[in-house]
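**Student:** With the sequence up front, the predicted model follows.
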Amino acid sequence: MNTDAVSVAVIVPRPVRLSLIWTVSFAMLWTWLIYSLPALAESGFPALGVRLMAHGLIAVGLWLGLEGTDLTARQRQATWLVFMVPFTLWAAVAWTAAINGAFRTGTSPLPLLPVAILLPVIFGAPVLLWSKRVGQLLDAMPPTWLIALQVYRIFGTQWLVYWLSGMQPGLWALPAGIGDVLTGLFAVPAALALAAGTAAGRKGAILWNIFGLADLAVAITLGMIMSPGPFQLIVPYGPSMALDTFPNVLTPAFVVPSSILLHALSLRQLIRRSRAETV
């Protein structure tokens, strides 16, 4: 056994364990806080704070990733603007529509919330998956960043709190909340394992992405068939879904499609690096 193998076997598990412990501790503290202080959740501040934090992390991470490329300073600025301007406009449109109640059931004959979820993915995924400039950016960016970024998914504990408080039906809140929390909890450990450079770490990162996408697919499907509208198949007993009002509606209208696109980018990056190493 050489020195590299020993260092991977001995050093990597400890930071993985520590990151998981810290993330679990933070998730428990956050859950207790919003459960013990109902006014905090009702104010909408936690939901809005998470959206702003995710947006800022994406903006900063994209710039740092561009700094590692061979592009000139002007090309980096132009590339950053090409991505961030539409992304910010998308966030602003979703935010404005949510504040004005555009996603509320019965406001429009069209099911605007499913459209807000699926349309950005339908148009954004081909660009992000096939663009040469995006591929160049992914090659320069550390593969751990796109995974660790989604630690914000631990804030899905809010759905569990809403269920405990009788504000959300368990049939939706439990799978959606637990799936989000698990995705967020294992984001940092998966990124650290990937940083070790082993085949097992890369496999774990791919499985983490697949799990995260499956979680979103389950949440979207259950949300559509349980919410009042043309797709409703299940009428929940007890509390209604209550996902069509501000600020909670920003999760399906903006955060969910953003997370899907981040998973798609991460999988593309992992596949590109695997092929490059094979060659």
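**Tutor:** Sure, I can see it.
**Student:** low-scoring stretches of the stretch 1-150 of the chain, by residue?
**Tutor:** Applying pLDDT under 70 to the stretch 1-150 of the chain picks out residues 1-17, 19-20, 41-44, 46-47, 68.
**Student:** do that again at 90, thanks
**Tutor:** 1-76, 78-80, 82-83, 91, 95, 98-99, 101-114, 127-128, 131-146, 148-150 (pLDDT under 90).
**Student:** Could you look up the SS state of F103?
**Tutor:** coil (DSSP: H, G, I helix; E, B strand; the rest coil).
**Student:** For the stretch 101-250 of the chain, which segments count as helices?
**Tutor:** For the stretch 101-250 of the chain, helices defined by DSSP state H, counting those that start in this stretch occupy the ranges 112-130, 132-140, 143-148, 157-164, 170-185, 187-195, 199-226, 250.
**Student:** Nearest to A276 among those would be which one?
**Tutor:** helix 132-140 (7.7 Å; C-beta to C-beta). Every residue, glycine included, has its C-beta placed from N, CA and C.
**Student:** If we go by neighbour counts, what in that closest one is buried?
**Tutor:** For helix 132-140, burial by neighbour count (16 or more other C-beta atoms under 10 Å) applies to 134, 137-138.
**Student:** ok, now stretch 255-269?
**Tutor:** Within stretch 255-269, judged by 16+ other C-beta under 10 Å, the buried ones are 255-269.
**Student:** Can you list which of the residues you listed are found in helices?
**Tutor:** Secondary structure assignment by DSSP state H places 256-269 of the buried residues of stretch 255-269 in helices.
**Student:** Which of those lies at the shortest distance from G124?
**Tutor:** L261 (5.4 Å).
**Student:** Could you double-check that R133 sits in contact with W80?
**Tutor:** No. Assessed by C-beta atoms under 8 Å, R133 is found out of contact with W80, at 11.3 Å.
**Student:** Please identify every residue contacting each of these two.
**Tutor:** Residues touching both R133 and W80 (C-beta atoms under 8 Å, 6 or more residues apart in numbering): none.
**Student:** who touches L164 in this structure?
**Tutor:** With C-beta under 8 Å, 6+ apart, L164 has these contacts: Y35.
**Student:** Nearest to the middle of the chain, which residue? Look it up for me.
**Tutor:** S259 (3.2 Å; C-alpha atoms, centre = their mean).
**Student:** any idea how far that residue is from L233?
**Tutor:** Distance of S259 to L233, given as C-beta to C-beta, to the nearest Å: 25 Å.
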